[in-house]
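Enquirer: I'll drop the sequence and a predicted model, then ask my questions.
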Amino acid sequence: MKEKQFFAMLSRMKYINRWGLMRNTISENISEHSLEVAFIAHALAVIKNTRFNGNVNIERVAVLAMFHDATEILTGDLPTPVKYDNPKIKEAYKEVENDAKNRLLSFLPADLRAEYKKLFFKSEEDNELYVIVKAADRISALIKCIEEKRMGNSDFEKAELSIIDSIEKIDLPEVKCFIEEFLPAFKLTLDEQTK
């Protein structure tokens, strides 16, 4: 039976809340976050290919984004300030994540594991795609900060500044394009967005 539990485990993504150290006006789980990251990563790949002569696999980048936080089903969402506090914690967490990836794969029948392993373990050929996924993940975090601040939650002000700083260090024209063209709409009300 264990080899038939993979999708039931993925379904548990909706129970893992993000931003555990922050007061949230609206909770966000990793299922919601992963879908948003997939939307953004897909858009970044489309922009890259359309406007900047890229040649990335748009669908693959979206699927990698869908699975990028799946290990948190087993590990929980370790807050960024803790995860990257020092090299020892960062290295230990990578090991924990790798164990979680292997454990998730064990919930699949053996004949399906190889295909899903490609979604959990980075290959050199996907390096460019993972850079896009990481950028989309940062943009999603920035959107969360914008939404929380719109609700009057000042707890996200410093997080927003830190995330903006991390995004500015990403040297991808498609990221700058997305930020300039699409991010301002997240600051609008629904009435303003639909006019």
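Expert: Thanks, I have it.
Enquirer: tally of neighbours for residue 8?
Expert: Look at residue 8: counted by other Cβ atoms under 10 Å, it has 9 neighbours. (Glycine included, C-beta is placed from N, CA and C.)
Enquirer: Tell me the spacing between it and residue 63.
Expert: Per Cβ to Cβ, to the nearest Å, residue 8 is found 20 Å from residue 63.
Enquirer: quick one, helices of this protein?
Expert: 6-11, 30-51, 58-67, 72-75, 80-83, 87-106, 110-120, 127-150, 157-168, 173-182, 190-194 (DSSP state H).
Enquirer: mind putting these in JSON lines, distance to residue 22 and mean pLDDT included?
Expert: Putting the helices of the chain into JSON lines (distance: least, Cβ to Cβ, whole Å; pLDDT from 0 to 100) gives the following:
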{"stretch": "helix 6-11", "distance to residue 22": "25", "mean pLDDT": "96"}
{"stretch": "helix 30-51", "distance to residue 22": "14", "mean pLDDT": "98"}
{"stretch": "helix 58-67", "distance to residue 22": "22", "mean pLDDT": "98"}
{"stretch": "helix 72-75", "distance to residue 22": "16", "mean pLDDT": "92"}
{"stretch": "helix 80-83", "distance to residue 22": "10", "mean pLDDT": "69"}
{"stretch": "helix 87-106", "distance to residue 22": "19", "mean pLDDT": "90"}
{"stretch": "helix 110-120", "distance to residue 22": "27", "mean pLDDT": "96"}
{"stretch": "helix 127-150", "distance to residue 22": "8", "mean pLDDT": "97"}
{"stretch": "helix 157-168", "distance to residue 22": "7", "mean pLDDT": "94"}
{"stretch": "helix 173-182", "distance to residue 22": "22", "mean pLDDT": "98"}
{"stretch": "helix 190-194", "distance to residue 22": "24", "mean pLDDT": "85"}
